[in-house]
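Chemist: Predicted model, plus sequence, below.
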Amino acid sequence: MKEAGPMQGLETARAGRSVSTQTGSMTGQIPRLSKVNLFTLLSLWMERFPVRETPSQKSQVKRTGLVVVKNMKIVGLHCSSEDLHAGQIALVKHGSRLKNCDLYFSRKPCSACLKMIVNAGVNRISYWPADPEISLLTEASSSEDAKLDAKAAERLKSNSRAHVCVLLQPLVCCMVQFVEETSYKCDFIQKITKALPDANIDFYSECKQERIKEYEMSFLVPNEEMHKQILMTTGLENLCENPYFSNLRQNMKDLVLLLATVASSVPNFKHFGFYCSSPGQINDIHNQSLPQDIARHCMVQARLLAYRTEDHKTGVGAVIWAEGKSRNCDGTGALYFIGCGYNAFPVGSEYADFPHMDDKQKDREIRKFRYIIHAEQNALTFRCQEIKPEERSMIFVTKCPCDECVPLIKGAGIKQIYAGDVDVGKKKADISYMRFGELEGVSKFTWQLTPSGVYDLKQNEPERRENGLLGPVALENERHPNKKLCLGNR
Ligand SMILES: O=c1ccn([C@H]2C[C@H](O)[C@@H](COP(=O)(O)OP(=O)(O)OP(=O)(O)O)O2)c(=O)[nH]1
């Protein structure tokens with residue numbers, strides 16, 4: 001099936017198609033992340049959830065991210081806190097509901113966590129094969145304990161019904177290149193380059209290089225011999241021989257590069273962030289913006305999800321979080337995960353069941369729009385928690401929510417939308433984006449310059465900046481001919 005309409009710049013994506021189709025992991029024209037790699041990447045990303053607490057220097061326990069999956073749907077995004085390890089948090093939060101779940105850890109969990117999650121009847125425990133949670137890399141007097149713990153974890157692993165393993169898959173052909181291109185072309189980066197034409201045009205590459213270095217430090221073991229030692233100690237001696245060892249390191253490197261690339265597409269750059277364009281809205285606590293680092297973090301989650309789209313032109317990801325009344329034991333503070341999704345055809349459908357054409361196609365019957373389930377719709381449908389009216393709940397969407405989704409978000413009681421605003425006010429043949437601009441009763445935070453960046457906001461107005469309020473003449477009139485922050489539309 002050939003997509004109608006302009007396909008500028010999709011050469012890379014096309015090159016990826018044939019290979020990916022051979023591997024059976026694709027439904028369309030653009031390279032797609034496997035579910036396993038998405039869960040793995042999200043676990044690494046959760047390890048980096050912005051925290052307010054200062055980790056104790058002496059601790060041999062490394063921060064760890066965790067994704068809990070049931071029936072291939074994400075039901076928990078967690079990270080360890082000062083008090084509890086990620087596996088302990090899973091226990092506290094999910095209890096016996098962990099039965100038959102798959103858990104993806106950013107580090108091999110310690111024996112104290114492993115014994116409890118194995119006991120809860122989980123189906124599978126996958127972990128990132130670098131330095132484990134009880135670090136084998138830090139030189140501390142307790143390294144004896146670390147080795148003992150690794151041994152105990154092995155014993156638990158071999159006697160457990162759960163499959164404790166390393167699930168990493170090689171990326172499909174051209175995935176890294178595709179992610180690089182779509183990240184650079186995405187709305188957030190393009191808005192910066194447009195708003196600050198004098199800025200160093202290479203800010204994106206610089207930012208990406210920094211992220212790559214940072215994440216390689218966290219997630220890779222630079223020294224090969226040391227890495228082999230860790231694999232031996234953690235029961236992965238099979239992976240120490242070549243070609244398995246070099247393949248493993250290459251897969252790990254590719255995934256880290258991909259994560260750094262996506263993370264740099266929502267950069268911490270000068271005065272850009274998610275700000276509200278309606279000053280009247282922020283009086284209520286429910287309308288106040290999240291801290292920018294957390295908002296950016298959640299948007300990166302949504303961007304990762306978008307790489308699983310089934311729409312071969314426009315990928316969209318959405319994730320819903322809520323804020324409880326007080327801090328909980330999770331490293332996410334008061335925030336807890338509600339649901340997530342990406343745009344895809346109805347669950348269980350095959351590639352050829354529904355049309356995939358866009359609105360450039362003259363024959364309206366063979367357009368995709370009446371069939372595809374939007375990212376927000378999937379996030380709402382497969383949510384694992386109720387949305388409580390008394391709590392601040394928020395949805396992060398990589399694209400401006402359309403007229404079909406805006407009333408659903410409002411009706412579900414979600415208090416805040418963090419979104420790209422490309423397409424806002426547009427009416428296309430089969431999909432329109434008129435209602436987002438007019439939406440009342442839900443606060444909208446879009447990616448833009450802060451007042452301090454544009455209007456030289458005085459230093460004595462910290463609350464205004466904290467709340468994420470945009471000043472009087474917002475940059476919202478800035479419209480983007482360069483329309484997508486989404487995938488595949490270049
Ligand atoms: O709130 C929304 C709006 C759209 N989508 C998805 C549905 C569909 O898969 C795609 C539609 O995107 P777009 O409006 O960009 O249409 P297109 O045909 O992909 O591109 P173009 O704008 O060139 O017509 O985005 C969502 O997931 N959520």
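Modeler: The structure has been received and is ready for your questions.
Chemist: Tell me the spacing between Trp321 and the ligand.
Modeler: Using Cβ to the nearest ligand atom, to the nearest Å, we find Trp321 at a distance of 18 Å from the ligand. The C-beta positions use only the backbone N, C-alpha and C, and glycine is treated the same way.
Chemist: that's a strand at that residue, yeah?
Modeler: Yes. Residue assignment for Trp321, taken from DSSP: H, G, I helix; E, B strand; the rest coil, places it within a strand.
Chemist: and it, how many neighbours?
Modeler: 26 (other Cβ atoms under 10 Å).
Chemist: Excluding sequence neighbours, find me the nearest residue to it.
Modeler: The spatial neighbour of Trp321 that comes closest, neighbours along the chain excluded (Cβ to Cβ, 6 or more residues apart in numbering), is Leu335 at 5.1 Å.
Chemist: From what I see, that neighbour and Ile320 are in contact.
Modeler: No. Counting by Cβ atoms under 8 Å, Ile320 is not a contact partner of Leu335; they are 10.8 Å apart.
Chemist: Contacts only, for the residue nearest to Trp321.
Modeler: Residues in contact with Leu335, defined by Cβ atoms under 8 Å, 6 or more residues apart in numbering, are Ile294, Trp321, Ala322, Glu323, Gly324.
Chemist: ok, it to the ligand distance?
Modeler: Separation of Leu335 from the ligand (Cβ to the nearest ligand atom) stands at 23 Å.
Chemist: bridging residues for that residue?
Modeler: Glu323 (DSSP bridges).
Chemist: again, but for Cys79
Modeler: For Cys79, the beta-bridge partners are Gly65 (DSSP bridges).
Chemist: and it, how many residues sit next to it?
Modeler: Counted with other Cβ under 10 Å, the burial measure for Cys79 works out to 22 neighbours.
Chemist: How about Tyr184?
Modeler: Residue neighbour count, defined by other Cβ under 10 Å, stands at 17 for Tyr184.
Chemist: Can you pull the residues of the stretch 201-350 of the chain lying near the ligand?
Modeler: When proximity is defined by Cβ under 6 Å from any ligand atom, the stretch 201-350 of the chain lies next to the ligand at Asp311, Lys313, Thr314, Val316, Asn343.
Chemist: ok, 8 Å please
Modeler: Proximity of the stretch 201-350 of the chain to the ligand is confined to Thr309, Asp311, Lys313, Thr314, Gly315, Val316, Ala318, Tyr342, Asn343 under the rule Cβ under 8 Å from any ligand atom.
Chemist: Spit out the contact partners of the last one.
Modeler: For Asn343, the contacting residues are Thr309, Glu310, Asp311, Thr314, Gly315, Val316, Ile372, Ile373, His374, Ala375, Asn378, taking Cβ under 8 Å, 6+ apart as the criterion.
Chemist: just the contacts of Leu335 now: which is nearest the ligand?
Modeler: Within the contacts of Leu335, the smallest distance to the ligand is 17.8 Å, found for Trp321 (Cβ to the nearest ligand atom).
Chemist: Report pLDDT for the residue nearest to Trp321.
Modeler: Note on Leu335: pLDDT of 97.
Chemist: same question, Gly5
Modeler: In this prediction, Gly5 carries a pLDDT score of 31.
Chemist: Repeat that for Asn460.
Modeler: We note a pLDDT of 31 for Asn460 in this prediction.
Chemist: Then Ala162?
Modeler: 89.
Chemist: so how far is Ala120 from it?
Modeler: Spatial separation of Ala162 from Ala120 under the definition Cβ to Cβ, to the nearest Å is 9 Å.
Chemist: sorry, back to before: of the residues of the stretch 201-350 of the chain next to the ligand, which pair is most distant in space?
Modeler: Lys313 and Ala318 (17.5 Å; Cβ to Cβ).
Chemist: Between those two, which is the more surrounded one?
Modeler: The residue with more neighbours, out of Lys313 and Ala318, is Ala318; 30 against 23, by other Cβ under 10 Å.
Chemist: just for the stretch 101-250 of the chain, where's the confidence low?
Modeler: Low-confidence regions of the stretch 101-250 of the chain, defined here as pLDDT under 70, cover residues 139-142, 199-201.
Chemist: Which parts of it are helices?
Modeler: Along the stretch 101-250 of the chain, counting by DSSP state H, counting those that start in this stretch, helices occupy 111-119, 143-158, 175-185, 187-195, 203-219, 224-233, 244-264.
Chemist: Just the buried residues of the third one, please?
Modeler: Going back to what we said before, that points to helix 175-185. Residues of helix 175-185 classed as buried: Met175, Val176, Phe178, Val179, Glu180, Glu181, Thr182, Ser183, Tyr184, Lys185 (neighbour count, 16 or more other Cβ atoms under 10 Å).
Chemist: Next, format those residues as TSV and append distance to the ligand.
Modeler: Compiled in TSV, the buried residues of helix 175-185 are given as follows (distance: Cβ to the nearest ligand atom, whole Å):
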residue	distance to the ligand
Met175	20
Val176	23
Phe178	16
Val179	18
Glu180	21
Glu181	17
Thr182	13
Ser183	17
Tyr184	18
Lys185	13
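Chemist: Using CSV, write out every CA atom in stretch 237-250.
Modeler: This file holds the C-alpha atoms of stretch 237-250, laid out as CSV (Å, rounded to 0.1, in the frame of the first residue of the first chain):
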residue,chain,number,x,y,z
GLU,A,237,28.9,-15.8,31.8
ASN,A,238,27.3,-17.0,28.5
LEU,A,239,27.4,-13.4,27.3
CYS,A,240,31.2,-13.1,27.9
GLU,A,241,32.2,-14.9,24.8
ASN,A,242,32.3,-13.3,21.4
PRO,A,243,30.3,-12.6,19.2
TYR,A,244,27.7,-12.5,22.1
PHE,A,245,29.8,-10.0,24.1
SER,A,246,30.4,-7.6,21.3
ASN,A,247,26.8,-7.8,20.2
LEU,A,248,25.6,-7.2,23.7
ARG,A,249,27.8,-4.1,24.0
GLN,A,250,26.7,-2.8,20.6
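Chemist: Okay then, goodbye and thanks.
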